[in-house]
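*Asks:* Quick one, structure for this:
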Amino acid sequence: MAPTDRFVAETTFRIRYAETDAMGIVHHSNYIVFFEEGRSAYARARGNPYSQFESEGYFLLVSEIGVRYAKPARYEQEITVRVWLEEMKSRGLTFRYEIADATSGELLVSGFTKHVCITQDGKVTRIPESWRSWGDSG
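*Replies:* Residues are numbered from 1 along each chain as shown. Okay, the predicted model is just below:
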């Protein structure tokens, strides 16, 4: 269940045919792409789009992913991706996700991604203050 004590971003979209298998069920790998779409929506909602983050010379390297599949999403289904910041450290952060049916709210998938902040030349660095402050407020 998404927390109520911190900022949660949501984005809703319809499952495309290309994201499904022959049975019309979303291929498991696409949920990772949905997580990414959620992270992008989160950053935009916080006023610091990821494109700006990159233009300032930073990247978030994915270091770990965890996914729990509860029920499959299907072609043409509208889903809502909810994202929140679980943990903020000086050089890394963790996002949590829920993917639910947009109409019923039924949970389909939950998960997390852990990231390390790097510079354009691949060196681990501190997360910029504009993003680190997200860990201080809801």
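*Asks:* if we look at the longest helix along the chain, which residues are touching it?
*Replies:* When the chain is parsed with DSSP state H, its longest helix is helix 30-45. With contacts defined as CB atoms under 8 Å, 6 or more residues apart in numbering, helix 30-45 is touched by 7, 9-11, 13, 19, 49-50, 53, 65, 67, 69, 79, 81-85, 95, 97, 99, 109, 111, 113. For every residue, glycine as well, the C-beta is placed using N, CA and C.
*Asks:* Surely residue 93 is in a helix?
*Replies:* No. Residue 93 is assigned strand when assessed by DSSP: H, G, I helix; E, B strand; the rest coil, not a helix.
*Asks:* Might you report the residue contacts of it?
*Replies:* 60, 85, 87, 114-115, 117, 127, 131, 135.
*Asks:* any idea which element the closest residue to residue 71 other than its chain neighbours lies in?
*Replies:* Nearest residue to residue 71, sequence neighbours excluded (CB to CB, 6 or more residues apart in numbering): residue 108, at 5.0 Å. Element membership of residue 108 [criterion: DSSP states H and E] is strand 107-119.
*Asks:* Would you mind identifying the next helix or strand past that strand?
*Replies:* helix 129-132.
*Asks:* could you dump that following helix to CSV, C-alpha only?
*Replies:* Extracted in CSV, the C-alpha atoms of helix 129-132 (Å, rounded to 0.1, in the frame of the first residue of the first chain):
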residue,chain,number,x,y,z
GLU,A,129,20.9,18.9,-3.4
SER,A,130,17.9,19.5,-5.7
TRP,A,131,17.1,15.8,-5.5
ARG,A,132,18.5,15.0,-2.0
